[in-house]
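>>> compute the structure for the input listed below.
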Amino acid sequence: MSSAARWSVAALVVVAALVVAIWPRGDDAQAPSYEDRFGSGGGAPMSVGADPDALSALRADAALEPCPIAASSTPAADSVLAGITLECVGDGSRVDLASALAGRPAVLNLWAYWCGPCAEELPYMQQFSDRAGDAVTVLTVHTDPQQASALSRLVDYSVTVPGVQDADGRVAAAVGAPAVLPVSVLIRPDGSVAKVLPQPFRSVDEIAAAVEQNLGVAA
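Okay, here's the model as predicted:
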């Protein structure tokens, strides 16, 4: 065999080895997903198109508190939340935010089921809601289309504060929140924004301090 022929054969062997190395294997489909490897804060997420019966069962398991309803106070015409009506995560009813929150200071907590810092913060939101009682409305705002996943996470976290589903990010856009999670929005009784806090709270006392400083309510 000539030298040129030997080089050709060697080159073919190298090419064949490379093809074998990169060729998809049958077990690749079983490779762990990102969430399998790094976690997402709870059980496997359910799709946005979850079966209504499954969604109803999750709502029963979550046992969230009812979403706020329109108060006797009339929201200011320039309320930052005017015109925003969202679905209540707990029961599927419709919530006109400006009307439902009028007349009482509120904390809106923007989160998503896959958000790690949100998982740490939400139990503190629950504790603050329990402490504040009727003095402050605490409402979670789920910003991902996977509503069933949100319910699963809330069950995992033992969080029962009321929440709304906002897959289109209408609340974030209305208050000018940055594209991070979690975000807490402190709303005055007249519907104006007192403060947007794009940060995770590390304790219930941190939440209470922020509410007292920006809304003047001690809890």
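>>> which parts of this structure are strands?
Here the chain has its strands, by DSSP state E, at 85-88, 94-96, 106-111, 137-142, 163-165, 183-187, 193-197.
>>> now the fourth one: mean pLDDT?
Computed over strand 137-142, the mean pLDDT rounds to 98.
>>> poorly predicted segments of the chain, please.
Low-confidence regions of the chain, defined by pLDDT under 70, span residues 1-49, 71-73, 76.
>>> domain assignment for it?
The record's domain parsing of the chain by automatic domain parsing lists 3-38, 52-215.
>>> where's the last one relative to the chain centroid, distance-wise?
The gap between the average C-alpha position of domain 52-215 and the chain average comes to 10 Å, counting by Cα atoms, centre = their mean, to the nearest Å.
>>> before we move on, the earlier item: including mean neighbour count, could the strands of the chain go into TSV?
(Glycine included, C-beta is placed from N, CA and C.) Shown next, in TSV, are the strands of the chain (neighbours: other Cβ atoms under 10 Å):
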stretch	mean neighbour count
strand 85-88	19
strand 94-96	18
strand 106-111	26
strand 137-142	25
strand 163-165	26
strand 183-187	25
strand 193-197	18
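>>> most tightly packed of the domains of the chain?
Using mean count of other Cβ atoms under 10 Å, the stretch among those with the largest mean neighbour count is domain 52-215, at a mean of 19.
>>> between the strands of the chain, which gets nearest to residue 152?
strand 137-142 (11.5 Å; Cβ to Cβ).
>>> for the closest one, name the packing helices and strands.
strand 106-111, helix 116-132, strand 163-165 (3 or more Cβ pairs under 8 Å, 6 or more residues apart in numbering; DSSP states H and E).
>>> contacts for that strand, please.
67-68, 86, 89, 101, 104-113, 122, 125, 128-129, 132, 150, 159, 161-167, 171-172 (Cβ atoms under 8 Å, 6 or more residues apart in numbering).
>>> that one - which strands sit beside it in the sheet, and in what orientation?
strand 106-111 (parallel), strand 163-165 (parallel) (DSSP bridges).
>>> tell me where this structure has helices.
Taking DSSP state H, the helices of the chain run over residues 3-22, 34-38, 52-62, 97-101, 116-132, 147-157, 170-175, 204-215.
>>> of these, which is nearest residue 79?
helix 97-101 (4.3 Å).
>>> for that closest one, C-alpha coordinates in PDB please.
Output in PDB follows, covering the C-alpha atoms of helix 97-101 (Å, rounded to 0.1, in the frame of the first residue of the first chain):
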ATOM      1  CA  LEU A  97     -57.600  44.700  41.200                       C
ATOM      2  CA  ALA A  98     -58.200  48.400  41.500                       C
ATOM      3  CA  SER A  99     -61.600  47.900  43.100                       C
ATOM      4  CA  ALA A 100     -60.700  44.900  45.200                       C
ATOM      5  CA  LEU A 101     -57.700  46.600  46.800                       C
END
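>>> thinking again about what came up before, got the helices and strands packed on strand 137-142 as CSV, with distance to residue 155 columns?
Below are the helices and strands packed on strand 137-142 laid out as CSV (distance: least, Cβ to Cβ, whole Å):
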stretch, distance to residue 155
strand 106-111, 15
helix 116-132, 12
strand 163-165, 12
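>>> endpoint to endpoint, stretch 175-187 covers what distance?
With Cα to Cα, to the nearest Å applied, stretch 175-187 spans 10 Å between its terminal residues.
>>> and for stretch 211-219?
8 Å.
>>> which residues are contacting that stretch?
For stretch 211-219, the surrounding residues in contact (Cβ under 8 Å, 6+ apart) are 105, 107, 128, 131-133, 135-136, 186, 188, 194-195, 208.
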